[in-house]
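Novice: Have a look; sequence and predicted model below, questions after that.
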Amino acid sequence: MRNLIKLVLVTLLFLISTLSSPANAADTVNGEQIFSVHCAGCHINGSNIIRRGKNLQKKALKKYGMDSLEAVEAMVTNGKNNMSAYKDRLSEQEIQDVAAYVLEQAEKGWR
């Protein structure tokens with residue numbers, strides 16, 4: 001009986017630790033909303049209306065070293081060339097959310 005209780009407790013702890021997400025985990029649903037408001041004007045469906053080759057497709061992100069959360073977060077935060085910086089308009093969490101959304105969509109081919 002004691003072993004059964006231990007097994008149940010260990011199983012519950014395991015499930016809680018693996019199924020609960022960290023407090024600062026990216027929220028791609030929120031990222032999609034932020035993208036729609038702040039990014040889609042230039043990057044509709046992962047394209048780029050200013051510089052066609054520098055789009056948000058997986059191949060281009062990899063080519064330009066933008067295929068990681070850190071890289072996309074840095075670009076959104078600080079901007080570069082024609083890309084505006086959003087550090088004064090978005091919170092860190094919002095930047096993480098939109099970066100996660102961009103990478104998720106790139107993996108899906110922006111479908």
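Specialist: Cool, the structure landed.
Novice: Might one say that Arg51 is in contact with Tyr64?
Specialist: No. Because the distance of 10.6 Å does not satisfy C-beta atoms under 8 Å, Arg51 is recorded as not touching Tyr64. Quick note: C-beta positions are derived from backbone N, CA and C, even for glycine.
Novice: which residues are common contacts for those two?
Specialist: Listed as contacting both Arg51 and Tyr64 by C-beta atoms under 8 Å, 6 or more residues apart in numbering is no residue at all.
Novice: The residue nearest the centre of the chain - nearest residue in space that isn't next to it in sequence?
Specialist: The residue lying closest to the centre of the chain (C-alpha atoms, centre = their mean) is Ala100, at 0.6 Å. Spatial nearest neighbour of Ala100, excluding adjacent residues (C-beta to C-beta, 6 or more residues apart in numbering): Ala26 at 3.3 Å.
Novice: any chance you could read off phi and psi for that neighbour?
Specialist: phi -70, psi 140 (degrees, to the nearest 10).
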